[in-house]
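>>> predicted model, plus sequence, below.
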Amino acid sequence: MQEFEAGERVGRWVVLVDVDGRLHALNGNSIQGVSQDDTDPGECVVTVSGGRMLRIPAPFGRILEWLR
(Lines give C-alpha, C1' and ligand atoms only; values in the text may rest on other atoms or scores of the structure.)
Protein backbone atom coordinates (compact mmCIF):
# COMPACT_ATOMS: atom_id res chain seq x y z
CA MET A 1 0.00 0.00 0.00
CA GLN A 2 1.27 3.48 -0.86
CA GLU A 3 2.21 5.82 1.97
CA PHE A 4 1.05 9.44 1.79
CA GLU A 5 2.44 12.58 3.40
CA ALA A 6 0.21 15.29 4.83
CA GLY A 7 -0.20 18.06 2.28
CA GLU A 8 0.76 15.80 -0.63
CA ARG A 9 -1.11 16.42 -3.88
CA VAL A 10 -2.44 13.46 -5.80
CA GLY A 11 -4.06 14.76 -8.98
CA ARG A 12 -6.82 17.16 -7.95
CA TRP A 13 -6.75 15.88 -4.36
CA VAL A 14 -4.81 17.11 -1.35
CA VAL A 15 -4.10 14.54 1.37
CA LEU A 16 -4.68 15.62 4.98
CA VAL A 17 -3.93 13.51 8.06
CA ASP A 18 -6.05 14.28 11.11
CA VAL A 19 -4.97 14.11 14.77
CA ASP A 20 -6.14 10.48 14.95
CA GLY A 21 -3.96 9.49 11.98
CA ARG A 22 -6.85 9.07 9.52
CA LEU A 23 -6.14 10.00 5.90
CA HIS A 24 -8.49 12.35 4.05
CA ALA A 25 -8.23 13.12 0.32
CA LEU A 26 -10.09 16.36 -0.40
CA ASN A 27 -10.50 18.51 -3.47
CA GLY A 28 -10.33 22.25 -2.95
CA ASN A 29 -14.05 22.73 -3.63
CA SER A 30 -15.03 20.59 -0.65
CA ILE A 31 -13.24 22.79 1.89
CA GLN A 32 -15.44 25.46 3.45
CA GLY A 33 -12.97 26.92 5.93
CA VAL A 34 -9.77 26.62 7.95
CA SER A 35 -9.61 27.87 11.54
CA GLN A 36 -6.62 28.03 13.88
CA ASP A 37 -7.16 26.22 17.19
CA ASP A 38 -7.68 28.63 20.11
CA THR A 39 -5.43 26.72 22.50
CA ASP A 40 -2.81 25.24 20.14
CA PRO A 41 -1.53 27.37 17.23
CA GLY A 42 0.04 24.22 15.77
CA GLU A 43 -3.40 22.72 15.09
CA CYS A 44 -6.29 23.79 12.90
CA VAL A 45 -9.84 22.75 12.21
CA VAL A 46 -10.71 22.22 8.55
CA THR A 47 -14.44 22.36 7.81
CA VAL A 48 -15.53 20.39 4.77
CA SER A 49 -18.79 19.93 2.86
CA GLY A 50 -21.58 18.60 5.04
CA GLY A 51 -20.23 20.45 8.08
CA ARG A 52 -17.72 17.76 9.04
CA MET A 53 -14.79 19.17 11.01
CA LEU A 54 -11.28 17.70 10.81
CA ARG A 55 -8.60 18.48 13.41
CA ILE A 56 -5.33 18.74 11.53
CA PRO A 57 -2.00 18.90 13.43
CA ALA A 58 -0.44 21.62 11.28
CA PRO A 59 -0.24 25.41 11.56
CA PHE A 60 -2.68 27.63 9.66
CA GLY A 61 -0.15 28.89 7.11
CA ARG A 62 1.03 25.42 6.16
CA ILE A 63 -2.53 24.22 5.54
CA LEU A 64 -3.18 27.23 3.29
CA GLU A 65 -0.01 26.40 1.32
CA TRP A 66 -1.24 22.84 0.84
CA LEU A 67 -4.57 24.09 -0.52
CA ARG A 68 -3.07 26.47 -3.09
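Arrived safely, thanks for sending.
>>> which residues sit against stretch 17-31?
4, 6, 10, 12-16, 43, 46-49, 54-57, 67 (Cβ atoms under 8 Å, 6 or more residues apart in numbering). Yep, even glycine has a C-beta here, placed from its N, CA and C like the rest.
>>> got the buried residues for it?
For stretch 17-31, a neighbour-count test (16 or more other Cβ atoms under 10 Å) marks 17-18, 24, 26, 30-31 as buried.
>>> in a markdown table: these, plus pLDDT, secondary structure and distance to Gly61.
Below are the buried residues of stretch 17-31 laid out as a markdown table (pLDDT from 0 to 100; DSSP: H, G, I helix; E, B strand; the rest coil; distance: Cβ to Cβ, whole Å):
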| residue | pLDDT | secondary structure | distance to Gly61 |
| --- | --- | --- | --- |
| Val17 | 94 | strand | 17 |
| Asp18 | 94 | coil | 18 |
| His24 | 94 | strand | 19 |
| Leu26 | 94 | strand | 18 |
| Ser30 | 93 | helix | 21 |
| Ile31 | 94 | strand | 15 |
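>>> related to what we said a few turns ago, give me the buried entries from the contacts of stretch 17-31.
By 16+ other Cβ under 10 Å, the contacts of stretch 17-31 give 6, 14-16, 43, 46, 48, 54, 56-57 as buried.
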